[in-house]
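S.K.: I would like to see how this sequence folds:
(one chain, ligands or ions: 1)
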Amino acid sequence: MRIAIIGTGYVGLTTGACLAAIGHEVTCLDNNAAKIETLRQGKVPIFEPFIEEILEEAKDRMRFTQSYAEAIPGSDVVFIAVGTPSMADGSPDLRYLREAAAAIGEHLGGGFTVVVNKSTVPIGSGNWVESLIRESRGGRNGKVEFAVASNPEFLREGSALQDSLYPDRIVVGTDSPRAVDVLSNLYRPILEQSFTAPSYLKRPEGMAAAPLVTTDLASAELIKYAANSFLALKISYINEIGRLAEKVGADVTLVAKGMGLDARIGTRFLQAGLGWGGSCFAKDTAALVATAADYGLGMPIVSAARTVNQQQRERVVEKLLGELKIIKGKTVGLLGLAFKPNTDDLRDAPSLDIARALVARGVSVAAFDPVAMERAKSEWAGVSVKYCETAEQVAEGADAVVLVTEWAEFQDLDWEAMAKSARSPFVLDGRLFLDAARLAKAGWRCARI
Ligand code: UDX
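M.R.: As a prediction, the model looks like this:
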């Protein structure tokens, strides 16, 4: 099938690469000329495991362009995967979605096309996109057949390709049975797991098929918000339990295990620590609360999860004050900047709030991240952080080290040597990830968030 994808961010590029890998002809469009040029040169503007490999494998079926006239006419499916960043009141900024819908409307033609909202958009956006497309066609000649569908993505950065090729489910929301047929055909190799798995992205053992959930537009749109908010509140729940666990002398990781093995609860997303960051959870929980408010509804559970998450970040300063008493003039090293391991994404990363709070209290902050350093240097120009060349350097002369992102390699640092180079070997484990007994042997005093 012929596919166009508008937006080459994490979602658009991953979706494009996976659809090309399973045999479709994909044109990726972005209005950012530099991004398109980079992609044409075979380079990748984001960090995502195996994205280079899959793009290389699918390159004969992929094109990159800035031109709607090139991408849209004749496409069977057009995905809108543009950014929908949060505005100050928590509601998403739909400027890029509006632009994309209008441009699609101008260029549609050459047979039935399904326009798919892949971006996380407010409930009701499917109908809005349809009206924008009709409006932009205006008095244009020629009958154009199209339908709008919502097909939310559930991919996690860092395992985006795995999540796209081997999804727990695919959700398609539309009022058009014809669009359901088109999208079922599009996803058939994934639904039936009939594609040849790439050597570097093995099919999970026992996976024979992925379920397709078909719904109306509004339900599909709400599924995305409801799923992300539920995952976010699972994390805040375990963090709230973690605070009580600390008071009563219990170990929250054991509590999470004991709870999670109840199949009704599940062990995933019960890892306590600094809480969630990234492009989705903060934005989607805020949008859910904002949408509910439009209908005069409160969302007390989701709102509380947001509060708990913010407090987890504030606990870093509280814990450092508890240990060091005076932090003004001290040096604190941050291990990890990305909002989670295996990505260079810094959106809503706890590291930024932590660095800002420490700098505001007169602390010198040193930091290291295996992949997000360059991004931090350019995106955090206003924050005074010393960027180290190695993880070990973070400890040099430090009064405390805070583990912010649980990159696997941080477990195997030369913690003995680091303890010697630190002014005071104190480590605050923000992800309950380090081996406290080993660190104690290496000379560190350890605390958990
Ligand atoms: C999320 C959703 O999982 C995905 O389905 C959606 O489409 C996009 O948003 P992502 O933000 O890439 O994906 O990462 P995810 O792995 O979900 O982690 C989100 C944040 O939660 C990270 O900051 C992570 O560190 C934190 N987290 C996750 C926890 O603190 N504890 C956990 O147990 C799990």
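
S.K.: how near is residue 297 to the ligand?
M.R.: Using C-beta to the nearest ligand atom, to the nearest Å, residue 297 is found at 23 Å from the ligand. All C-beta spots, glycine's among them, are computed from the backbone N, C-alpha and C.

S.K.: burial check on that residue, number of neighbours?
M.R.: 10 (other C-beta atoms under 10 Å).

S.K.: show residues contacting stretch 188-203.
M.R.: 18, 21-23, 50, 53-54, 57, 161-162, 164-167, 170, 184, 207-212 (C-beta atoms under 8 Å, 6 or more residues apart in numbering).

S.K.: inside helices: which ones of the residues you listed?
M.R.: 18, 21, 53-54, 57, 161-162, 164-165, 184 (DSSP state H).

S.K.: which parts of the stretch 201-350 of the chain are strands?
M.R.: 212-215, 331-335 (DSSP state E, counting those that start in this stretch).

S.K.: what count of nearby residues applies to the residue nearest to residue 440 when sequence neighbours are not counted?
M.R.: In this structure, residue 440 finds its nearest non-sequential neighbour in residue 446, 6.2 Å apart by C-beta to C-beta, 6 or more residues apart in numbering. When neighbours are counted by other C-beta under 10 Å, residue 446 registers 18.

S.K.: map the structural domains onto the sequence of the protein.
M.R.: Listed by automatic domain parsing, the domain ranges of the chain are 2-215, 226-301, 307-448.

S.K.: pLDDT on the first one, on average?
M.R.: Mean per-residue pLDDT for domain 2-215: 93.

S.K.: would you mind measuring from the nearest residue to residue 124 once chain neighbours are set aside to the ligand?
M.R.: Among residues not flanking residue 124 along the chain, residue 218 sits closest, at 6.8 Å (C-beta to C-beta, 6+ apart). Distance of residue 218 to the ligand, given as C-beta to the nearest ligand atom: 19 Å.

S.K.: which residues sit in contact with residue 218?
M.R.: Contacts of residue 218 (C-beta under 8 Å, 6+ apart): 123-124, 126, 173.

S.K.: most neighbours out of the residues you listed, which is it?
M.R.: residue 173 (26 neighbours).

S.K.: test my guess that that residue contacts residue 150.
M.R.: Yes. Using C-beta atoms under 8 Å, residue 173 makes contact with residue 150 at a distance of 4.1 Å.

S.K.: shared neighbours of the two, anything?
M.R.: Joint contacts of residue 173 and residue 150 (C-beta under 8 Å, 6+ apart) are 126, 217, 220-221.

S.K.: picking that back up, now the contacts of residue 218 as a markdown table including distance to residue 5 and secondary structure?
M.R.: Putting the contacts of residue 218 into a markdown table (distance: C-beta to C-beta, whole Å; DSSP: H, G, I helix; E, B strand; the rest coil) gives the following:
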| residue | distance to residue 5 | secondary structure |
| --- | --- | --- |
| 123 | 23 | coil |
| 124 | 23 | coil |
| 126 | 18 | helix |
| 173 | 19 | strand |
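
S.K.: next, the buried residues of stretch 192-202.
M.R.: 193, 198, 201 (16 or more other C-beta atoms under 10 Å).

S.K.: how much space separates residue 269 from the ligand?
M.R.: For residue 269, the distance to the ligand - C-beta to the nearest ligand atom - is 4 Å.

S.K.: that residue and residue 62, how far apart?
M.R.: 33 Å (C-beta to C-beta, to the nearest Å).

S.K.: go on, residue 46?
M.R.: Counting by C-beta to C-beta, the gap from residue 46 to residue 62 is 15 Å.

S.K.: between those two, who's got more neighbours?
M.R.: residue 62 (24 against 17).

S.K.: surely residue 317 meets residue 356?
M.R.: No. Using C-beta under 8 Å, residue 317 makes no contact with residue 356, being 10.4 Å away.

S.K.: contacts for the one helix or strand residue 5 maps to?
M.R.: Secondary structure assignment for residue 5, by DSSP states H and E: strand 2-6. With contact meaning C-beta under 8 Å, 6+ apart, strand 2-6 is reached by 12, 15-16, 19, 24-30, 71-72, 74-82, 100, 103-104, 186.

S.K.: dump the residue contacts of the residue in the stretch 301-449 of the chain positioned nearest to the ligand.
M.R.: Nearest residue of the stretch 301-449 of the chain to the ligand (C-beta to the nearest ligand atom) works out as residue 340 at 3.8 Å. By C-beta under 8 Å, 6+ apart, the contact list for residue 340 reads 157-158, 277-278, 405-406.

S.K.: interface residues of this structure facing the ligand?
M.R.: By C-beta under 6 Å from any ligand atom, the residues of the chain that approach the ligand are 153-157, 228, 231, 235, 269-271, 273, 275-278, 280-281, 339-340.

S.K.: what residues sit buried inside stretch 160-167?
M.R.: Applying 16+ other C-beta under 10 Å to stretch 160-167 flags 160-167 as buried.

S.K.: nope, stretch 178-188 is what I meant
M.R.: Under 16+ other C-beta under 10 Å, the buried positions of stretch 178-188 are 179-180, 182-183, 186-187.

S.K.: next: stretch 33-45.
M.R.: Along stretch 33-45, these residues count as buried under the neighbour rule (16+ other C-beta under 10 Å): 35-36, 38-39, 44-45.

S.K.: what about the closest residue in space to residue 408 that isn't next to it in sequence, how many residues nearby?
M.R.: The shortest distance from residue 408 to any non-neighbouring residue, by C-beta to C-beta, 6+ apart, is to residue 341 (6.8 Å). Counted with other C-beta under 10 Å, residues neighbouring residue 341 total 19.

S.K.: ok, residue 341 touching residue 409?
M.R.: No. The pair residue 341 / residue 409 is not scored as a contact, 9.2 Å apart, by C-beta under 8 Å.

S.K.: residues contacting residue 388?
M.R.: So residue 388 contacts 333, 366-368, 394, 396 (C-beta under 8 Å, 6+ apart).

S.K.: picking that back up, thought residue 432 was touching the residue nearest to residue 440, still the case?
M.R.: No. The criterion here is C-beta under 8 Å, and residue 446 misses it with residue 432 at 10.7 Å.

S.K.: got the contact list for residue 134?
M.R.: residue 105.

S.K.: in a helix, that's where it is, yeah?
M.R.: Yes. According to DSSP: H, G, I helix; E, B strand; the rest coil, the state of residue 134 is that of a helix.

S.K.: now it: how far from the ligand?
M.R.: 29 Å.

S.K.: from residue 146, how far off is that residue?
M.R.: Residue 134 is 9 Å from residue 146, by C-beta to C-beta.

S.K.: any idea which element residue 402 lies in?
M.R.: Using DSSP H and E, residue 402 falls in strand 400-403.

S.K.: sorry, back to before: which of the shared contacts of residue 173 and residue 150 has the largest number of neighbours?
M.R.: residue 221 (25 neighbours).

S.K.: so what's the nearest residue in space to that one that is not next to it in sequence up against?
M.R.: Ranked by C-beta to C-beta, 6+ apart and with sequence neighbours excluded, the top spatial neighbour of residue 221 is residue 123, at 4.6 Å. Counting by C-beta under 8 Å, 6+ apart, residue 123 touches 218, 221-222, 225, 291.
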